[in-house]
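J.: This is the structure alone, sequence omitted:
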């Protein structure tokens, strides 16, 4: 689904949405473009919570949605904390929007995607009917152990990095706002059990 209007040829990502269609309406010329509007699902959590491992476990198993790891598009030019990494999230939402035109929603796995303030204000967010958030969390001791057991090249053993992830993990555990973030504790369960629980969550959000 291109952001270039078929009617006037002007690039506008900020089209007006008529949910009755659903139609995307060009603010320049009023051209209506029918599109597929589906939910966006997000599986998030601090580094070490199990996001990537679960994503790999479910690929080829969960077929009602497309599962994607947010890290695969990360590049140094997206590293802009002052903008809250807005270009990164807008790019990913544009990719998800286009994939969704096949009729299959996307489940995004990534840390920053689980912070609603990073996603809800995005221009591209309007093309999704809703967003569903799931955060994987675990006990502090489990998280620290997982991070320390990672290969050294990942830089996960530095005290500052570990402390940041502990704080992020705690943020998910105490979050109580809108939109809702469902929380799944992965501390004392097997990978397969966690994967099964995430698969069940995905099916529930998609009405299956």
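T.: That came through, no problem. Note that the structure is a prediction, hence the values are computed from the model and not measured.

J.: how near is the residue nearest to residue 111 when sequence neighbours are not counted to residue 175?
T.: Spatial nearest neighbour of residue 111, chain neighbours left out: residue 44 (5.9 Å); criterion: CB to CB, 6 or more residues apart in numbering. For glycine as for every other residue, the C-beta is placed from the backbone atoms N, C-alpha and C. Plainly put, residue 44 is 11 Å away from residue 175 if you go by CB to CB, to the nearest Å.

J.: Give me the common contacts of these two.
T.: Common contact partners of residue 44 and residue 175 (CB atoms under 8 Å, 6 or more residues apart in numbering): 135, 181.

J.: Tell me which of the two has more neighbours.
T.: Between residue 44 and residue 175, residue 44 has the larger neighbour count (other CB atoms under 10 Å), namely 25 against 15.

J.: wait, is that one part of a strand?
T.: Yes - the assignment for residue 44, made by DSSP: H, G, I helix; E, B strand; the rest coil, places it in a strand.

J.: show me the contacts for it.
T.: Shown in contact with residue 44 (CB under 8 Å, 6+ apart): 51, 109-115, 133-136, 172, 181.

J.: which one of those is nearest residue 142?
T.: residue 136 (11.3 Å; CB to CB).

J.: Next, the contact list for that closest one, please.
T.: Shown in contact with residue 136 (CB under 8 Å, 6+ apart): 43-45, 49-51, 54, 184, 186, 194, 198.

J.: Quickly run through the sheet partners of the helix or strand encompassing residue 41, with directions.
T.: Take DSSP states H and E as the rule and residue 41 turns out to sit in strand 40-45. Sheet pairing of strand 40-45 (DSSP bridges) gives strand 106-109 (parallel), strand 131-137 (parallel).

J.: quick one: buried residues of the helix or strand following it?
T.: As assigned by DSSP H and E, the chain's next helix or strand after strand 40-45 is helix 51-58. Across helix 51-58, burial judged by 16 or more other CB atoms under 10 Å covers 51-55, 57-58.

J.: Give me the residues contacting helix 51-58.
T.: Helix 51-58 is contacted from outside by 43-45, 67-69, 71, 109-111, 136, 191-192, 194-195, 198-199, using CB under 8 Å, 6+ apart.
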